[in-house]
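1. Here's a sequence, model it:
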Amino acid sequence: VGHITEAWYPKFLAYQESAREIAKEFGAILIPYQKIFDNAQKNAPGAYWAADGVHPTLAGAQMMASAWMDCLK
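-> Alright, predicted model coming up:
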């Protein structure tokens, strides 16, 4: 969506891997937001969830909050 290009993906993937490693090292919960947003695009276009492809809209933020709350159950 929007401003994201293929050039961004190597860094994104590296950041995601670092986050997984840190979560594992410290026993923290890791919420797979990328997968959640990818799956959400089956229900609405990406711009509905993150207009610029990075920053969540109100709907995207609600989806993130719901995922976070699900982890606390």
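2. can you give me the helices in the chain?
-> Assigned by DSSP state H, the helices in the chain fall at 9-26, 33-40, 46-49, 58-72.
3. Just the mean pLDDT for the third one, thanks.
-> Think helix 46-49. Here the mean pLDDT over helix 46-49 is 94, rounded to a whole number.
4. Now do the buried residues in that helix.
-> Of the residues in helix 46-49, 46, 49 count as buried by neighbour count, 16 or more other Cβ atoms under 10 Å. The C-beta positions use only the backbone N, C-alpha and C, and glycine is treated the same way.
5. distance between that helix and the chain's centre?
-> Using Cα atoms, centre = their mean, to the nearest Å, the distance from the centre of helix 46-49 to the centre of the chain it belongs to is 12 Å.
6. Which residues outside that helix are in contact with it?
-> The contact list for helix 46-49 (Cβ atoms under 8 Å, 6 or more residues apart in numbering) reads 1-2, 37, 40-41, 53, 56-57, 59-60, 63.
7. related to what we said a few turns ago, which one of the helices of the chain is the most hemmed in?
-> Taking mean count of other Cβ atoms under 10 Å as the contact definition, the stretch among the helices of the chain with the greatest mean neighbour count is helix 46-49, which reaches a mean of 18.
8. Distance-wise, check residue 12 relative to residue 6.
-> From residue 12 across to residue 6, the span is 10 Å (Cβ to Cβ, to the nearest Å).
9. Could you do residue 62 as well?
-> Distance check for residue 62 against residue 6: by Cβ to Cβ, it reads 29 Å.
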